[in-house]
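Participant: Pasting a predicted model and its sequence here:
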Amino acid sequence: MDSTLTISLSLFLILCVDTSKVGGQKEGAKQSSRSSDSKAGRCSYTFIVPQQKLSGALCLNTPSSLPNGSEVAALRAELQQQQEQLEKLQLQLEQTGSLAIEVRALRKESNSMNSRIAQLYAQLLQEVIHKKDQALEQQRVESLLLNATTQALQVSSNYRELEKKYGALTSMMSLQNQFISKLEKQCQCRDSRSQVMTDPTKSQLNEHHNYSSDANKMTNDVQRDQSAASPLQEKTGGVSLGAPTNTPFVNLPVTKSPGPWRDCQHVLDSGETTSGIYLLRPLNTNLLLQAWCEQSRDLGGWTVIQRRQDGSVNFFRTWEQYKQGFGNLNGEYWLGLEHLYWVTKQAKYKLLVALEDWQGRHVFAEYDSFHLEPESDWYRLRLGQYHGNAGDSLSWHNNKAFTTLDRDKDSYTGNCAQYQKGGWWYHMCAHSNLNGVWYRGGHYRSIYQDGVYWAEFHGGSYSLKKVSMMIKPT
Ligand SMILES: [Ca+2]
């Protein structure tokens, strides 16, 4: 149907075109149909096309509507141009798109950067606060350190002052001791003179002044606080222990033979079974000395070389005094290093250390050999094997020189005798010191370990009630 319509229209149009060619180009089809009757000679055809109902698109092709080449070319050029522009636009669009993506990415990055910066800022803030705290803490510690340093300096200067005072006191004590020695000698001379004039049996046989009461006041400061000695006892004093050359000796007990004996074993062997004071003279020497002979303990024959029992005698003494001996033979005394040297030189001796605490417990330490080296070797201690129930607190001192406040022969940087307030065979410093301060009651409080102690028996801060050292030939 559509094809039929198309053919009919085409025919009509062709005819119209032919007519227009003859009559002029500007004559339309309408005019030609009107003039077909009026103009003879010209062939004209009129086709009647049955009217049909048109449906769909009607295409008309007229010569005027056909594009010419230039227009097409222009159009093409324009089209080309537009296409180029379009391409440009697309390119721009693409670029813009990538830019947008980039911008978005940048924005995203910027956001993350911002959050990161915020985080860092917060962190920084925290660190600043922390550092402030640290600075405050450091300031506090610094101030504490400063205070501590100041205190340490002050303590140090106080210590130096105390040391100076201590040194001054020590030298003063040394001088006083020398003075006392002189007084003792004078007293002994006076006594010996008075002894000749008076009846010995009526005189105070075993007693005379050891040293003057004034001297006592000066030198016994260390001991007095702890001493149980009564003023009467101080006044009467005990038996003198003068230098061995200071003869004649007095206050000897009545004996079968006048002596002197080599030692207390010799006294016992001579039939003297009573404990007491006897005159001794070691072999191969002219030294005369007095000692307490203990004849009731362990079959007797013991020469007592040291005794502490009431704190009545000051043992904080000089080298010379420890060498010659001091104290009261019927009380507290030290026999003397020189005497000990000569006595222990004549045979092999054993040493017995008898100890008693404040609860009345008795223990002992025995060493199967005991002797001293001469003064040239600082009366170095030579000790044998230990046995006993007190514990061995003396073997640590074996082969050690004797030290006093004025003669430091110990292994310690300071002077042990000054700290422990008595002469002893110090090492650095001691496991025992029976020549320290006699403290009442056992446990004592002191800056130094200066009591009368035997470390294996009650430790170093317990001052024993009674101690004695005695020797006997084996
Ligand atoms: Ca020393």
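Facilitator: Okay, I see it. Only a predicted model underlies this, so the values are computations on that prediction, with no experimental measurement involved.
Participant: C-alpha only now, for contacts and for neighbours.
Facilitator: Will do.
Participant: At which residues are the strands of the stretch 1-150 of the chain located?
Facilitator: For the stretch 1-150 of the chain, strands defined by DSSP state E, counting those that start in this stretch do not occur.
Participant: State which one residue of it is found closest to the ion.
Facilitator: Distance from the ion to each residue of the stretch 1-150 of the chain (C-alpha to the ion) is smallest for Thr149, at 29.3 Å.
Participant: What count of nearby residues applies to that residue?
Facilitator: 12 (other C-alpha atoms under 10 Å).
Participant: The one 4 residues further on too?
Facilitator: As a burial measure, the neighbour count of Leu153 was computed by other C-alpha under 10 Å and equals 12.
Participant: swap in Glu373?
Facilitator: Quick note: Glu373 (other C-alpha under 10 Å) scores 20 neighbours.
Participant: from now on call the first residue 55
Facilitator: OK, 55 is where the count begins now, so the last one is Glu427.
Participant: ok, now how distant is it from Gly325?
Facilitator: Counting by C-alpha to C-alpha, to the nearest Å, the separation of Glu427 from Gly325 is 31 Å.
Participant: One more: Ser210?
Facilitator: Taken as C-alpha to C-alpha, the span from Ser210 to Gly325 is 63 Å.
Participant: Angles on the backbone of His497, please.
Facilitator: phi -70, psi 130 (degrees, to the nearest 10).
Participant: could you list every residue that touches it?
Facilitator: Ser515, Tyr516, Ser517 (C-alpha atoms under 8 Å, 6 or more residues apart in numbering).
Participant: from what I can see Asn452 touches Arg436, true?
Facilitator: Yes: counting by C-alpha atoms under 8 Å, Asn452 does reach Arg436; the two are 5.7 Å apart.
Participant: coming back round to it: between the contacts of His497, which has the most around it?
Facilitator: Ser517 (28 neighbours).
Participant: Quick check, that residue in contact with Asn489.
Facilitator: No: proximity of Ser517 to Asn489 does not meet the contact threshold set by C-alpha under 8 Å, at 10.7 Å.
Participant: Now the common contact residues for the two.
Facilitator: With C-alpha under 8 Å, 6+ apart as the test, Ser517 and Asn489 both reach Val506.
Participant: dump the residue contacts of Trp478.
Facilitator: By C-alpha under 8 Å, 6+ apart, the neighbours of Trp478 are Phe456, Thr457, Thr458, Ala471, Asn487, Asn489.
Participant: For those, which ChimeraX command selects only the ones that are buried?
Facilitator: To isolate the buried ones among the contacts of Trp478 in ChimeraX, judged by 16 or more other C-alpha atoms under 10 Å, type:
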select :456,457,458,471,487,489
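Participant: Show me the contacts of Trp478 that map onto strands.
Facilitator: With strands taken from DSSP state E, the overlap with those comprises Asn487.
Participant: residue boundaries of the helices in the stretch 205-354 of the chain?
Facilitator: With helices called from DSSP state H, counting those that start in this stretch, the stretch 205-354 of the chain shows them at 267-273, 275-278, 285-290, 318-323.
Participant: Distance of Leu409 relative to Gln360?
Facilitator: Leu409 sits 12 Å away from Gln360, going by C-alpha to C-alpha.
Participant: can you check Thr339 too?
Facilitator: Taking C-alpha to C-alpha, one finds Thr339 at 22 Å from Gln360.
Participant: Looking at the two, which is more packed in?
Facilitator: Per other C-alpha under 10 Å, whichever of Thr339 and Gln360 has more neighbours is Gln360, with 25 against 9.
Participant: Now do the same contact list for the more buried one.
Facilitator: Counted by C-alpha under 8 Å, 6+ apart, Gln360 has contacts Glu386, Tyr387, Trp388, Leu389, Ser522, Met523, Met524.
Participant: so is it in a helix, a strand, or just coil?
Facilitator: strand (DSSP: H, G, I helix; E, B strand; the rest coil).
Participant: Could you do Leu394 as well?
Facilitator: helix.
Participant: what's it in contact with, if anything?
Facilitator: Leu394 neighbours (C-alpha under 8 Å, 6+ apart): Ile359, His425, Leu426.
Participant: Spatially nearest residue to the first one, not counting backbone neighbours?
Facilitator: The reference is to Ile359. Leaving aside its sequence neighbours, Ile359 sits nearest to Leu389 (C-alpha to C-alpha, 6 or more residues apart in numbering; 4.8 Å).
Participant: From Leu342, how far off is the one you found?
Facilitator: Leu389 is 12 Å from Leu342, by C-alpha to C-alpha.
Participant: likewise Gln208?
Facilitator: Gln208 is 54 Å from Leu342, by C-alpha to C-alpha.
Participant: So for these two, which sits in the more crowded spot?
Facilitator: Leu342 (21 against 12).
Participant: thought that one was touching Leu334?
Facilitator: Yes: under the criterion of C-alpha under 8 Å, Leu342 makes contact with Leu334 at 5.8 Å.
Participant: Now for these two: what residues contact both?
Facilitator: Counting by C-alpha under 8 Å, 6+ apart, the residues touching both Leu342 and Leu334 are Pro314.
Participant: Closest one of the contacts of Leu394 to the ion?
Facilitator: Nearest to the ion among the contacts of Leu394, with distances taken as C-alpha to the ion, is Leu426, at 19.9 Å.
Participant: Flag the shaky bits of the stretch 205-354 of the chain, pLDDT-wise.
Facilitator: Within the stretch 205-354 of the chain, the stretches with pLDDT under 70 are 225, 228, 232, 241-308.
Participant: let's see it at 80
Facilitator: Low-confidence regions of the stretch 205-354 of the chain, defined by pLDDT under 80, span residues 217-313.
Participant: Which residue is it, in it, that comes closest to the ion?
Facilitator: Gly221 (15.0 Å).
Participant: How about the residues of this structure by the ion?
Facilitator: Within the chain, the positions near the ion by C-alpha under 5 Å from the ion are Asp464, Tyr466, Thr467, Gly468, Asn469.
Participant: In terms of pLDDT, where does the second one sit?
Facilitator: In this prediction, Tyr466 carries a pLDDT score of 94.
Participant: ok, it - contacts?
Facilitator: His481, Met482, Cys483.
Participant: Could I get those in TSV, plus columns for distance to Gly123 and neighbour count?
Facilitator: Conversion of the contacts of Tyr466 to TSV gives the following (distance: C-alpha to C-alpha, whole Å; neighbours: other C-alpha atoms under 10 Å):
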residue	distance to Gly123	neighbour count
His481	135	20
Met482	132	15
Cys483	134	22
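Participant: Report the beta-bridge partner residues of the closest residue to Gly513 other than its chain neighbours.
Facilitator: Excluding its sequence neighbours, the residue lying closest to Gly513 (C-alpha to C-alpha, 6+ apart) is Tyr507, at 7.0 Å. Beta bridges link Tyr507 to Asn487 when assigned by DSSP bridges.
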